[in-house]
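A.B. asks: structure for the following, please:
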Amino acid sequence: METIIKNAIITSSSIKLDRDYFLSVWLSLRFDSYSQNFGGYVLGKIDEVYAKDMGNHAGIFIMKCMKVAGVTDWGDVVGKAVRIKTTEGWNAEILGVGHVVNDEWLIPSELFGK
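C.D. replies: Numbers count the residues shown, from 1 in each chain. Next up is the predicted model:
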């Protein structure tokens, strides 16, 4: 699967408690003439046993999003330029987001495994 890098703008962001049980973070990205979301990974779960095994995935994911957007406040990510690493084609998938200038990337599969 070939990957390409494109420039994008973060148009919105959210930290959500899905189904009252799972914590997830979303970035909405606009690139070319498309919009696509990045995120949705289960970063936390309301389950004490699971939380102990999981570590701090939520904190790491949120901090990396902020680093690639170049901000120190989550509320400032909207409107920031980033790069995206994506596949091509109709079912294209955003594999990661990166800082627009620096070689700083958030690629969840590399951080957390598949």
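A.B. asks: run a quick neighbour tally on the residue lying closest to Asp76 once chain neighbours are set aside.
C.D. replies: In space, and not counting its chain neighbours, Asp76 is closest to Ala69: 7.4 Å by CB to CB, 6 or more residues apart in numbering. Bear in mind the C-beta positions are built from the backbone N, C-alpha and C, glycine included. The burial count assigned to Ala69 is 24, neighbours taken as other CB atoms under 10 Å.
A.B. asks: and for Thr3?
C.D. replies: Neighbours of Thr3 under the rule other CB under 10 Å: 13.
A.B. asks: tell me how far it lies from Gly98.
C.D. replies: 12 Å (CB to CB, to the nearest Å).
A.B. asks: joint contacts of these two?
C.D. replies: Common neighbours of Thr3 and Gly98 are listed as Lys85 (criterion: CB atoms under 8 Å, 6 or more residues apart in numbering).
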